[in-house]
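Undergrad: what shape does this take:
(3 chains)
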Amino acid sequence: MSAYRLHNVEGQWGGFVLRVDDFGLQSGRIYSVTGPNGCGKTSLLRLLALLDRPVAGRVHYGGDVVDYDDGAGWLRSRRRIAYLMQQPYLFNMSVYDNIAYGLHLRHISSAHIRRRVCDVIERLALDPFVRRNAHTLSGGEAQRVALARTLVLDADVMLLDEFTASVDQQYVQMVEEYVRELNTECGTTVVFTTHSSNQAARMSDHPITIVEGVVTACGGGNRR
Amino acid sequence: MDYIWQGVRDSLRIITGLDREFLSAVLVSLKVAFLSTALATLAGVPFGMWIAEKRSRGARVIMTILNTLMSLPTVVVGLMVYSFLSRRGPLGELGLLYTPAAMVIGQFILAFPIVAGLSASAVVGLDKRIRATAFSLGADTAQSFRMFLREARYGIMAAIMAGFGRVFAEVGVSMMLGGNIRGYTRNITTAIALETSKGEFAFGIALGLVLLTVALVVNILFSLFREWSR
Amino acid sequence: MQVKLRLLCGLLLAIPMTLWAGDVLRLATTTSTYETGLLDHILPEFERAHDCKVHVISVGSGKAMQIARNGDVDVILVHARKAEDAFVNEGYGVNRRDVMVNDFVILGPVNDPAGVGGLRDAKEALRRIHSKQRPFVSRGDDSGTHKKEKQLWTKTGLKRDGDWYLEAGQGMSATLRMADEKNGYVLVDRATYLTHREKLRLTLMVEGDADLFNPYGIIAVSPYTFAHVKYRRAMALIAWITSPECQARIRDYTLKGRPLYHPSAAGGGD
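TA: Model prediction:
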């Protein structure tokens, strides 16, 4: 099944242009995006997160063309995707409330929210500071909370921008395992960017490369 | 010293006896100050946020003007508004001079620069990623804005409180635009001015105590709010 | 959240409604008639009879006339005879009526360093204060009392410059208090003096000069100059204040047994 299909898509951010000629992503797979700094990894994730509207081309998501003019429909599609920013900001509230925020936006019942938040807190070992204000956390702790806030959404697609960049070394394995588990058990499609070719190889069989602003998927028969 | 103690004792009697004139002055003060602060909040907070977003030269000029207006003497505002509201002035038709509405207008002009200016500073100090983060988690425009407001809440509350503090304690505008009419436009501060000039210190002290109490209550509410919204 | 919001909106809407006062008549008057409590003694009956509030704006006579010249009040009660005539002649006021009289007195510190105690001649008293350069506190606010004081000084032909001459720029009561604190001399209407007598260390020095006569008049703001003024209401107030009943009330208004004003409207009083 196809999660994404991008056709002649062009995105523009200031002077930077990212081009995707014809490119598809299968659902249930883990894709890694590698490439030098500034090559457009974050831009690609923002396009896939449906946050930024391309200046040209068509984006299919979950089989349908994304209609950026239909505000409600666009928002609905967006809410099926979880996106972790490269330098996420934690809101000035408790760790718990930070994690629950995205679920509240999706109008999920509070009993359900509690269960899912507690679940992810346990999986990522956040218990020690769950009641603390998020602004009092260290960099590594904050990164894990931000990751928890994204993973708790239980979305169809997870877009993770440098998700272990500032996670403390002893937790990297735990985080990676959890992401892989979500992929295998829930069938979540994962797209992550990384600087580490090791991590790319470890986590994914489906590398995506960006060369001079042009996105290419290769290997493993991604091109349909 | 006895003289002052006598005043304090008499003032307590006035407060506990719920003297009608005393109550009326307190109510007028609260009413007018709340209303003018509410209006200044409705106009000033969005304006301050808007100006904070702008990076242009014009925006910097406006910020400088706002900062200057924050220390505008109340009597200057009084005079300005007076000349507009007087029957001889451009808005004379409305017949607003010497009404609480005139006081609200004057106090609004006093509070607006404070609320707007301090809101702008509060927003400028915020992290630039707040709205983007909210969007990334599935918020729509209104929800991301609500989160932005939430993040700015302490600064904005402080801005509103500073505005309220100024109008609640000012006397110039109330005197000039309200006319100190008993039971109608006489508020705490103009009553203190009048009673002191008549040598009725007890009444003045009683009102001063109320002024202090309200300031205290507002501050306590603010810290409770901080505590509660952590 | 919704409920709280609705409550807040309701509150905000409710407040302005209480700011509306209904039918009102605006009276600008001197600080003295207000601060002595006379108006509280005579206005409530009028308010009841006409079902209308009288909003009293208590300022000096000069300021009262200035406010009236802008059309911001409906009627004035003042004491500055010459200026009142000018006010009427310039077309701002109509139907001036005498209301009452009392007199001015000069107060001074008990030890009387200028030696004016017991004088009848106000001009002579001012001359002595001037020559001894003793503190003299002036209203300095163009009120009726200030106008009277300036007239007296003009008649003496003396210049009032120097540290001893203090212009308060405030109402009668505040000026009295300032004179009291400064141990200075001060010109004051008798009613205000009697009202504050117990709180003052100053004592009565000069009284009884014909120059110290202090007549009060009431004037309706002209409906020809300002179409919006409540002329009929103003005339009703003038009729009430000059009526025999109200004139009797003015006569009977006493403070600790001492009358403050003598009614003077034709046909009323004594």
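Undergrad: can we go C-alpha only for contacts and neighbour counts from here?
TA: Fine.
Undergrad: how near is the residue in chain A that chain C sits nearest to to B:Glu170?
TA: Closest residue of chain A to chain C, Cα to the nearest Cα: A:His104 (15.2 Å). From A:His104 across to B:Glu170, the span is 44 Å (Cα to Cα, to the nearest Å).
Undergrad: ok, the two, which is more surrounded?
TA: B:Glu170 (20 against 16; other Cα atoms under 10 Å in any protein chain shown).
Undergrad: helix, strand or coil for the residue of chain A closest to chain C?
TA: helix (DSSP: H, G, I helix; E, B strand; the rest coil).
Undergrad: surely A:Ser166 is in a helix?
TA: No: assessed with three-state DSSP, A:Ser166 is coil; it does not lie in a helix.
Undergrad: show me what contacts the nearest residue to it once chain neighbours are set aside?
TA: Spatial nearest neighbour of A:Ser166, chain neighbours left out: A:Gly140 (5.4 Å); criterion: Cα to Cα, 6 or more residues apart in numbering or on different chains. The neighbours of A:Gly140, taking Cα atoms under 8 Å, 6 or more residues apart in numbering or on different chains as the test, are A:166-168.
Undergrad: mind pulling up the pLDDT for C:Gln2?
TA: C:Gln2 carries a pLDDT value of 55.
Undergrad: quick revisit: for chain B, state which of the contacts of A:Gly140 is nearest.
TA: Of all these, chain B sits closest to A:Ser166, with 17.7 Å by Cα to the nearest Cα.
Undergrad: what is the neighbour count of that closest one?
TA: 16.
Undergrad: host element of C:Ala125?
TA: helix C:122-132 (DSSP states H and E).
Undergrad: show me what that helix is packed up against.
TA: Helices and strands touching helix C:122-132, by 3 or more Cα pairs under 8 Å, 6 or more residues apart in numbering or on different chains; DSSP states H and E, are helix C:144-156.
Undergrad: who touches the helix it packs on?
TA: C:30, C:60-62, C:78-80, C:122-124, C:126-127, C:138-140, C:159-160, C:187-189, C:211.
Undergrad: before we move on, the earlier item: dump the residue contacts of the residue of chain A closest to chain C.
TA: If you count contacts by Cα under 8 Å, 6+ apart, then A:His104 has A:Ile113 around it.
Undergrad: gap between it and A:Cys186?
TA: 21 Å.
Undergrad: from what I can see B:Phe164 touches B:Val32, true?
TA: No: checked against Cα atoms under 8 Å, the pair B:Phe164 and B:Val32 is beyond contact range at 10.3 Å.
Undergrad: find the closest residue to chain A in the stretch 151-270 of chain C.
TA: For the stretch 151-270 of chain C, Cα to the nearest Cα, closest residue to chain A: C:Gln170, 52.8 Å.
Undergrad: count the residues that sit near that residue.
TA: C:Gln170, neighbours per other Cα under 10 Å, totals 20.
Undergrad: check the one 4 residues further on too.
TA: Around C:Ala174 sit 20 other residues, with neighbours defined as other Cα under 10 Å.
Undergrad: thought it was touching B:Lys198?
TA: Yes: contact criterion Cα under 8 Å: C:Ala174 and B:Lys198 qualify, at 6.2 Å.
Undergrad: lowest-scoring secondary structure element of chain A by mean pLDDT?
TA: With mean pLDDT, DSSP states H and E as the measure, the helix or strand of chain A carrying the lowest mean pLDDT is strand A:214-217 (a mean of 80).
Undergrad: tell me the buried residues in that one?
TA: A:215-217 (16 or more other Cα atoms under 10 Å in any protein chain shown).
Undergrad: show me where the chain has strands.
TA: In the absence of a named chain, chain A is used. A:2-13, A:16-26, A:30-34, A:56-61, A:64-65, A:81-84, A:157-161, A:189-193, A:206-211, A:214-217 (DSSP state E).
Undergrad: hm, I was asking about chain C
TA: Going by DSSP E, chain C shows strands at C:24-29, C:53-58, C:75-78, C:93-108, C:136-138, C:165-167, C:185-189, C:203-206, C:213-221, C:254-255, C:258-259, C:262-263.
Undergrad: highest mean neighbour count out of the ones you listed?
TA: strand C:75-78 (a mean of 28; mean count of other Cα atoms under 10 Å in any protein chain shown).
Undergrad: which strands and helices lie in contact with it?
TA: So strand C:75-78, by 3+ Cα pairs under 8 Å, 6+ apart, packs with strand C:24-29, helix C:61-69, strand C:213-221.
Undergrad: phi first, then psi, for the residue in chain B that chain C sits nearest to.
TA: The nearest approach of chain B to chain C comes at B:Ser197, 4.1 Å away (Cα to the nearest Cα). Reported as degrees, to the nearest 10, the phi and psi values for B:Ser197 are phi -70, psi -30.
Undergrad: roughly how far apart are the closest residue in space to it that isn't next to it in sequence and B:Ala191?
TA: Nearest residue to B:Ser197, sequence neighbours excluded (Cα to Cα, 6+ apart): C:Ala174, at 4.1 Å. C:Ala174 is 13 Å from B:Ala191, where distance means Cα to Cα.
Undergrad: check B:Phe148 too.
TA: In terms of Cα to Cα, B:Phe148 sits 42 Å off from B:Ala191.
Undergrad: just to revisit the earlier point, check what pLDDT the residue of chain A closest to chain C gets.
TA: Reading off the model, A:His104 has pLDDT 93.
Undergrad: what do you get for C:Met205?
TA: On pLDDT, C:Met205 comes in at 95.
Undergrad: residues in contact with it?
TA: C:105-108, C:116-119.
Undergrad: what's the neighbour count on B:Thr37?
TA: By other Cα under 10 Å, neighbour count at B:Thr37 equals 30.
Undergrad: doesn't B:Gly165 make contact with it?
TA: No: with contact defined as Cα under 8 Å, B:Thr37 does not count as touching B:Gly165 (9.3 Å).
Undergrad: give me the most central residue, chain C.
TA: C:Thr30 (2.3 Å; Cα atoms, centre = their mean).
Undergrad: find the nearest non-adjacent residue to it, please.
TA: Using Cα to Cα, 6+ apart, the closest residue to C:Thr30 is C:Gly60 (4.6 Å).
Undergrad: tell me the contacts of the one you found?
TA: C:Gly60 sits in contact with C:29-31, C:141-144, C:171, where contact means Cα under 8 Å, 6+ apart.
Undergrad: touching chain B at all, stretch A:31-45?
TA: No: Stretch A:31-45 stays clear of chain B (Cα under 8 Å from any Cα of the partner chain), getting no nearer than 10.8 Å.
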